Every structure is written in C-alpha cells, then in structure tokens.
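[1] Can you look at this prediction? I've put the sequence above it.
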Amino acid sequence: MKKIQAAEAMVKVITDWGVDHIYGIPGSSTNSLMRALKIYEDKIQYIQVRHEEGGALAASVDAKLTGKIGVAFGSGGPGHTHLINGMYDAKFDRVPMLVIAASTHSKNLNTDYFQEMDPVPLYTDVSVYNRMVLNPSELPRVIDQAIRTAYRDRGVAVVHVPVDIGYAEIDDTYVSSAFAYEPTFPLHHQKDILKTLELIKEAKRPVIFAGRGTHHAREELKAFSEKYSIPVILTFLGKGAMDDAHPHLLGQLGRLGSKPSMEAIEKTDLLIMIGAEYPFGRDYFKQDIKSVQINTDPVALGKRLPSTLGILGDSKAVMADLVAMGEKIEETTWLKANVINRKNWLTWIQKFEDSNDTPMRPEPVMKALNELANDDAIYIIDVGNNVILSSRELMFTGKQKHTTSGTFATMGIGLPGGIAAKLSYPEREVYTLSGDGAMAMMMQEYMTQLKYKLPIINLVLCNESYGFIQVAQETENKETFGVDLPVADYAKFAEAMGGVGYKVENYDQLVDALTKAKASTIPVIIDIKVGNVSHLPAHKLVLDTEHHSQEDIDAFIQKYEVSEMPVLREILATLE
C-alpha cells in the first residue's frame, strides 16, 4: 500500500476542489503543511502574505468574486488570532472559506507550551465547521467534510492540524467528494407566482429591492422591472445587477445610497425583495408594508421585514416565471416620478465630477475611472467614503465585478482583495479604492502585490480624515473628535518598497497617472490628495417642508450644495 504524509493527502483534497492558491505565513507549526505545498506547487500556488489578516481577507474576496472557496492558514498562537478579522468578513457576507489552523506538536497540547492555545473556542462563533484532528488518517476526510460544509452553509470551516499530525504517514487511499458536489437551488411553487402577481396588480407604489443574489439574473431583473413598471433599488453588493444607466434604477439605499432610493422606500406600499439580505432593513423598511421576499435561504425570509409572501427559490427562475405569467403594466405615475427623481439626482452628483476645486474633490476620480478603466474592470472598494463614491458615481454595465466588506465592514480589505482579484482574473484590470485610513491598516500587502508581480492599480484618496466617521459625528454629535489623520506620502511608500507611485493633486495629473498605471507590469499606488468633503447623508435628508423647517432645509442645502432636486412628493404632485 502506497504511503503518503497526512498533510500531502490534505493538500490533494484541497486541489481536487479546484483551489489553485492559498494564503498564509509560515511558522514552525506549519512545517508539515509547507512541505506538502512544496510538493504540489504545480497545482496550488502558495501566496506569502505580510500579515495573516491580509491572507484571510484575500481568501474571503476570492470567494466573493468567484463563488469558489477561499483558503488561508495560520501558525499556532498569533497566526490564529491574526486570521480572525478576515474570517468574520467571510462569515458576515456568507461566503465559503477554509482555514487551516496549524498548531504545535500534539504532545504539547494542554500544557501551556510556547504559543500553545486552544483555538477551537476562539473560532466557535465565526465558523460553521470547527474540528481538531488528532488521528492522521482522518485528516483528508475532515478537510473534505470541512469544504463541503463551508459550501453548504456559506461560511467558514476551520480544521486544526498539529504539526506532527501533518507529518504522519497514512495510506494513500482517500478519494475526495469534490467531483460529486453540485450546487442546487430550491424549486419555487407556481401558486406563489400567482400570488405575487396579484400583489403587484393591487399595489400603487411597488419597489424592487434586489441584492447580489440577482447578479446571475440580470436579464430577468430588467424584464421584470420593465414589464410591471417597477423602480429598482440595489444593495451595494448587488450593484451591477442592473445597468446604472437604466432609468428604472434608483441606486442604493442608506447612507451610501441616493435620495431617490430613500424617498421611494419611504413611500412604497409593496417591497419585492429579491436575492437580498439587508442588515439595515429594520432601520429603513416600514415594518407594516406588504412585502414579497425571494431568496434561496429560508433564514433570510422575513428576517428584516415581516413577509406577506416568502418564496424559497432561485431569483432567476422566479423572475422568469413572473415575467412569463403576468400582464404588462404600462408606465405609471409612480414610476415616472421616480425616473425624474433619479435623473435629477444624477445631474446633481455629476456636476461635482467637473469640479476644479483645490484641493480637488473626490468625485472627479470616479469620472476618470468611468472614462479610462476597462469595461470589465474589477473594483475592490475599501470601507469608508469610497463606498459612498462608488455606489453613487461608478457607472456599471454588468461587465464589471466589485466587492467590499459588506456587512462586517472592516477597513483594510482593499489591497488584500486586489491580490485575490488579480490571482483569480489575471487578464482583467484590477483597481483598489481606499481612503488613507483604510490604506494604513493593510498597506503592507502592497509588498505582497510586488512579490508576485501583480499589476494592480491601487488608488488612495487621501483627505487626512476618517471621513465616513467624521460625517457621522457631525450629524449626531454636531462636532468631531479623533477623526483626523496625519499627512502621508503613499507614492513615496510605493517607491521605497520597489514599486511605482504617483502623487496626484489635480485631474490632469490623475488622468496621466491612470494612463501610466494601466500600462505598468507591476503594482502601482496612486496617492490622490482630495479635499475633506462631507458627502450628503442620503439616510438623513433634510429637504421636505412636511418634515423639516425651512431654516433647517436651507442649512442642509447650503452645506451639501443641493440644487434642482425637488422631493419625490413634489414630483408626484406635478404629475397627478
């Protein structure tokens, strides 16, 4: 019987599942794993990150962009604790991840040995599968089960492997279940289609609220909206499921979203949630309105809003049936008003894109990306004001990909996410967008980008502030404290690391830097010095005289330079 080390058998199973790269930092407890990765380096690429958090964040982004499981590992003690942030990102955004938690020799467990800790309770909350392996023969089976569970439960699976267990020789007989795995969707009921069509017919002000679960159903979403004259709001992770230029699309919701989206949500009498699980639902959805909720996850149905009708099914199949089985509804006054509201909004935000202010406003950066980036570019949006800017101003057509740390909202995902994007899609342009606050958290991963010669374009919008939190403090505290950031030159940092950096202070310099960066064969940092702009808080609009004094409205208009944007109520009044 052929023998093989248990760590080799583990890596064989991982490669059977189609994993072609893995992130981590070597330590003494990973030695058996590193030996196995060396043996199989023709099948799986080891990516040496600068910090285990960067590796875990990259693994999470792998899963978000590709749908395939992301894999990271850490060595005993500090490596385990460093991984946790990226693991929670995967948990909160519900994507499959495998973490190999290497540990000291099994004889040292429970002895308070050097770097010896009990990682099982550490990972109890973050994981859907969490096992310590002490029988070497079981290691490949446990890894196989961990991956299956991560896919099924859309979460993080953790396998703890003492270093000596990986070295132990076992029979080379295990056959993984990778080739037997096939994702499935629940099949909806036709009676639910008929009930949904009845609710749409009865509604006066319906709204579609779609999430990332509709990316594979772009044509169906467009047809559904157009056939029944229903405006559409997308979650940020759902952005791109409908063209940003489509007149029915109102934008995103909440603080990062748009005025037309927030006003439509406030007035809707039927919310049709499709492939969306929105953490702020209780904040923004009126809990007494009618709703149809379509999702493949039964736990999501009714979670954020009481459900008039819950449909357990695939968004593509459900919308196809809805389009096929109902009668067309001609354009309504409700839709017309929302289309006008959206047009006014776009006109307003786009005027800032041509600003010549000094220091430059951040909106021209989005204009430059819309004009210069390839049509199928991938964007990793770091947490902060860049999410607001990207949500409102990047004009997606469905060809692009993007992601962020959606529900966990951890800063620092930009540069690690760029690594994942370029490894998975080497032929496509990859842009990371970070503020100076987020950049400082994971800037060391630029060294990883350089090590593997990944031509990623990293944009850092430096406003010398935690700008997103600054606005929150201004809104809630009427003053700010602790949000200022020191001046830094990230272009010089790039050069000091052996890379390419450009410092940008105006639009012409930005265009020149982007043009050069697009031709670079190594990663680039473009350090863009922008003004500390307070972006309009769409979730706390002060524009309607029915709810606010004229004095407060005037102050809001002056602060955010609002012009030619009547509220939805006023637009409806002119049409009725």
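    That came through fine. Predicted, not measured: the structure shown is a model, and the values here were computed from it.
[2] Can you give me the buried ones in the longest helix along the chain?
    Scanning the chain for the helix with the most residues, using DSSP state H, yields helix 333-351. Applying a neighbour-count criterion of 16 or more other C-beta atoms under 10 Å, one finds 334-342, 344-346, 348-350 buried in helix 333-351. Backbone N, C-alpha and C define where each C-beta goes, glycine included.
[3] Check stretch 552-569 too.
    For stretch 552-569, by 16+ other C-beta under 10 Å, it's Ile553, Phe556, Tyr560, Val562, Met565, Val567, Leu568, Arg569.
[4] I'd like those laid out as CSV, including pLDDT.
    Formatted as CSV, these follow (pLDDT from 0 to 100):
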residue, pLDDT
Ile553, 95
Phe556, 95
Tyr560, 94
Val562, 96
Met565, 96
Val567, 97
Leu568, 97
Arg569, 97
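[5] So which of these are in helices?
    Mapping these onto helices (DSSP H) picks out Ile553, Phe556, Tyr560, Leu568, Arg569.
[6] and stretch 493-507, how far from the chain's centre?
    26 Å (C-alpha atoms, centre = their mean, to the nearest Å).
[7] Contacts made by it with the rest, please.
    Residues outside stretch 493-507 that contact it (C-beta atoms under 8 Å, 6 or more residues apart in numbering): 356, 358-360, 364, 368, 443, 446-447, 449-450, 489-492, 509-510, 512-513, 516-517, 520, 522-529.
[8] so how far is the first residue of it from its last?
    22 Å (C-alpha to C-alpha, to the nearest Å).
[9] Give me the buried positions along that stretch.
    Phe493, Ala494, Met497, Gly499, Val500, Gly501, Tyr502, Lys503, Val504, Asn506, Tyr507.
[10] Quickly name whichever of those is closest to Lys68.
    Gly499 (28.6 Å; C-beta to C-beta).
[11] neighbours around the closest residue to Asn374 other than its chain neighbours, how many?
    Closest residue to Asn374 apart from its sequence neighbours, by C-beta to C-beta, 6 or more residues apart in numbering: Glu429 at 4.6 Å. Glu429: 21 surrounding residues under other C-beta atoms under 10 Å.
[12] ditto for Ala324
    Using other C-beta under 10 Å, Ala324 has 10 neighbouring residues.
[13] Let the chain start at 791 from now.
    Done: numbering now begins at 791, and the last item shifts to Ala1114.
[14] What are the boundaries of the strands in the stretch 1091-1240 of the chain?
    Counting by DSSP state E, counting those that start in this stretch, the stretch 1091-1240 of the chain has strands at residues 1099-1102, 1168-1171, 1191-1193, 1220-1225.
[15] Please enumerate the helices of the stretch 891-1040 of the chain.
    909-912, 929-943, 953-957, 980-992, 1008-1018 (DSSP state H, counting those that start in this stretch).
[16] And this protein, what are its domain boundaries?
    793-970, 980-1122, 1145-1319 (automatic domain parsing).
[17] what about the first one, how long is it end to end?
    Think domain 793-970. Domain 793-970: ends 25 Å apart by C-alpha to C-alpha.
[18] just the second one next, same as before
    The first residue of domain 980-1122 is 27 Å away from its last residue (C-alpha to C-alpha).
[19] do you know which of the domains of the chain lies nearest His1329?
    Here domain 980-1122 is closest among those (C-beta to C-beta), at 4.5 Å.
[20] tell me the mean pLDDT for the closest one?
    Averaged over domain 980-1122, pLDDT sits at 96.
[21] repeat for stretch 917-926
    Across stretch 917-926, pLDDT averages out at 96.
[22] Could you check it and say which residues are buried?
    Neighbour-count burial for stretch 917-926 [16+ other C-beta under 10 Å]: Ser917, Val918, Tyr919, Asn920, Arg921, Met922, Val923, Pro926.
[23] Reformat those residues as TSV; add distance to Leu1333.
    Formatted as TSV, these follow (distance: C-beta to C-beta, whole Å):
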residue	distance to Leu1333
Ser917	45
Val918	44
Tyr919	49
Asn920	49
Arg921	55
Met922	57
Val923	59
Pro926	66
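[24] Out of the residues you listed, which two sit at the greatest distance?
    By the measure C-beta to C-beta, Val918 and Pro926 form the most distant pair in those, at 24.2 Å.
[25] picking up where we left off before, need the helices of the stretch 891-1040 of the chain in a markdown table with distance to Ala970, can you?
    Formatted as a markdown table, those follow (distance: least, C-beta to C-beta, whole Å):
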| stretch | distance to Ala970 |
| --- | --- |
| helix 909-912 | 29 |
| helix 929-943 | 9 |
| helix 953-957 | 26 |
| helix 980-992 | 31 |
| helix 1008-1018 | 30 |
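[26] Let me know whether Gly1003 touches Ser1105 as I believe.
    Yes. With contact defined as C-beta atoms under 8 Å, Gly1003 reaches Ser1105; the gap is 5.2 Å.
[27] What sits closest to Leu987 if chain neighbours are left out?
    Gly1116 (4.4 Å).
[28] Contacts only, for that neighbour.
    Leu987, Ile990, Lys1017, Tyr1018.
[29] Relative to Gly864, how far out is the second one?
    Pointing back at Ile990 there. 50 Å (C-beta to C-beta, to the nearest Å).
[30] neighbour-wise, which of the two wins?
    Between Ile990 and Gly864, Gly864 has the larger neighbour count (other C-beta under 10 Å), namely 29 against 21.
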